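**Student:** Sequence and predicted structure, then a few things I'm wondering about:
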Amino acid sequence: MHVVAIVPANNRVDSVAATVTALAQIPDVVEVLVVDDGSIDGTAETAEKAGARLLSLNANVGKGDAVLAGIAASGAPQSYLLIDADLGESAIHAAELLKPLSDDTAEMVIGVFPKAGRSRGFGLLKRVASQILLDATGQKFAEPLSGQRAVEGSLMRSLTLAPRFGLEVGLTIDVDEAGGRIQEVAGDFSHLPSGRGPKGILHRAKQFRDVMQASASRRGWRGTLESTSRALLRRTST
Ligand SMILES: Nc1nc2c(ncn2[C@@H]2O[C@H](COP(=O)(O)OP(=O)(O)O)[C@@H](O)[C@H]2O)c(=O)[nH]1
Ligand SMILES: [Mg+2]
């Protein structure tokens, strides 16, 4: 396979080099493209030094548009890997997401974190996102917000990506809508949790807004709010 790995990054000087190095070791990966989304901490230089091709965006455009810019800048590969910049060495496990694509058993594969490595405090949003996706696709997802994905190339290029952190939920609805098969695959991924401090809470709030908007622009606000209240009223998360 001919795979381009796209890594959207915003101020990840701490982890971007290890992420790039790991991805470059995956045999099918012909290019690691870091889309630096207006970082001010040296993420761009660090990524380039680690061997990535660098796409630098001057202003912060958000994750969805950053990935879109990456796709526009990378020709027409057979498949894409979308990998978060904070995975570090554990990005090597992205290799495992490619198998269902090469076996032709899925058009999109979502990487699932081991339980212990999941960031805490995301339970509520994760539950809402899962319900939104269940109602939209009929499929249950353990990690609806995971940014670790392998996607078939031509399908990926045909989609309109949701802005900012709506990317993943929008992508899942759109791939399903286009008739693509979606699989979740567990991998030994780890990332830097956003935590429970003010920054973490702000990140979660933004993510919540973007997930709701991605759903609403596809299924309408009525369906989105119905899914949301169903998720919030349910006492046990399944
Ligand atoms: N393009 C872009 N990527 C971002 C932005 N904020 C975060 N990211 C990237 O999105 C990915 C997920 O972000 P992260 O902070 O790890 O979120 P979490 O895993 O949901 O806690 C990482 O690769 C980040 O570098 C942003 O404003 N723009
Ligand atoms: Mg993360």
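**Tutor:** Alright, I've got the coordinates. Numbering: from 1, shown residues only. Ligands and ions are numbered 1, 2, ... in the order given.
**Student:** In the protein, which residue sits nearest ligand 2?
**Tutor:** His191 (3.8 Å; CB to the ion). Heads up, the C-betas are built off the backbone N, CA and C, glycines and all.
**Student:** I'd guessed that residue sits against Ala85; true?
**Tutor:** No: between His191 and Ala85 there is no contact under CB atoms under 8 Å: 9.1 Å.
**Student:** Tell me which of the two has more neighbours.
**Tutor:** Ala85 (30 against 21; other CB atoms under 10 Å).
**Student:** Give me the phi and psi for that one.
**Tutor:** Here is the backbone geometry of Ala85 (degrees, to the nearest 10): phi -70, psi -20.
**Student:** How about the contacts made by it?
**Tutor:** Going by CB atoms under 8 Å, 6 or more residues apart in numbering, Ala85 touches Val7, Pro8, Ala9, Asn10, Arg12, Ser15, Val16, Thr19, Val34, Thr43.
**Student:** now Asp36, what's its secondary structure?
**Tutor:** strand (DSSP: H, G, I helix; E, B strand; the rest coil).
**Student:** Identify the residues contacting it.
**Tutor:** So Asp36 contacts Ala9, Asn10, Thr43, Ala44, Ala47, Leu54, Leu55, Ser56, Leu57 (CB under 8 Å, 6+ apart).
**Student:** Find the nearest non-adjacent residue to it, please.
**Tutor:** Of all residues not flanking Asp36 in the chain, Ala44 sits nearest, at 4.2 Å (CB to CB, 6 or more residues apart in numbering).
**Student:** quick one: the one you found and Leu57 touch, right?
**Tutor:** No: at 9.7 Å, Ala44 and Leu57 do not qualify as touching, with contact defined as CB under 8 Å.
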